[in-house]
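Novice: please find the sequence and the predicted model below.
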Amino acid sequence: MPALASWPGLARFLGSLRGTPAPRPRRRSRFTIPPELASEIRGSLDRWGALWSLPGLAEGVTVQFSSRFRSSLGSCSPRSGAIRISTAILQFAPEILEEVLCHEAAHAAVAQLHPGRVRPHGREWAELMRAAGYEPRVRFPIRLPRHP
């Protein structure tokens, strides 16, 4: 019989007794980016980096796909350059993935070009989106499928 301390729910249980439940462990997305898609993503990031005068943009960001999104198509942590994209987006036209990736990459680029405090969808971000040929929009006209 395994030791009680190794029981995965023990921290949650003890925390609930104290009134401060422990956070649930995060599940890792098991999606692996196919090499051809990874190459296309890298090419897009290189292209936008050159366009936005950030030649090292592709090296400064990481792109992961996640099945955890329920209402968003993507997110970016601008300071770390971590971009997460919903796996559900892969069922739509490739142009949607390209625009969402550009949207999130523009956040990372703004953080590099304008250190300090800027609005997430402010003027600086909108200028980069327009330079890349996209309308600077926050909402997309698609809905993610409901998960059971």
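Specialist: Everything's here; your move. Numbering: from 1, shown residues only.

Novice: who's the residue minimising distance to the centre of the chain bridged to?
Specialist: Geometric centre of the chain, nearest residue: Arg84, 2.1 Å, by C-alpha atoms, centre = their mean. Beta-bridge pairing for Arg84 (DSSP bridges): Gln64, Ser75.

Novice: distance check, it against Trp48.
Specialist: 18 Å (C-beta to C-beta, to the nearest Å). C-betas here are computed from N, CA, C, even on glycine.

Novice: now Gly122
Specialist: 18 Å.

Novice: more neighbours: those two, which one.
Specialist: Neighbour comparison, Gly122 and Trp48: the larger count goes to Trp48, with 22 against 13 (by other C-beta atoms under 10 Å).

Novice: confidence score at that one?
Specialist: On the pLDDT scale, Trp48 is placed at 97.

Novice: that one contacts Tyr134, correct?
Specialist: No: Trp48 is not in contact with Tyr134 according to C-beta atoms under 8 Å; the separation is 10.3 Å.

Novice: identify the contacts common to these two.
Specialist: Cys102 (C-beta atoms under 8 Å, 6 or more residues apart in numbering).

Novice: for the protein, which spans come out with low pLDDT?
Specialist: Counting by pLDDT under 70, the ranges of the chain that qualify are 1-30, 144-148.

Novice: what's the helix or strand for the residue nearest to Gly122 when sequence neighbours are not counted?
Specialist: In this structure, Gly122 finds its nearest non-sequential neighbour in Val110, 7.9 Å apart by C-beta to C-beta, 6 or more residues apart in numbering. Element membership of Val110, judged by DSSP states H and E, is helix 94-113.

Novice: any buried residues in that helix, and which?
Specialist: 96-97, 99-112 (16 or more other C-beta atoms under 10 Å).

Novice: the following helix or strand past that helix - contacts with which helices or strands?
Specialist: Heading C-terminal from helix 94-113, the first helix or strand you meet, by DSSP H and E, is helix 123-131. The contact analysis (3 or more C-beta pairs under 8 Å, 6 or more residues apart in numbering; DSSP states H and E) places helix 123-131 against helix 94-113.

Novice: one more time with 10 Å, if that's ok
Specialist: helix 35-51, helix 94-113 (3 or more C-beta pairs under 10 Å, 6 or more residues apart in numbering; DSSP states H and E).
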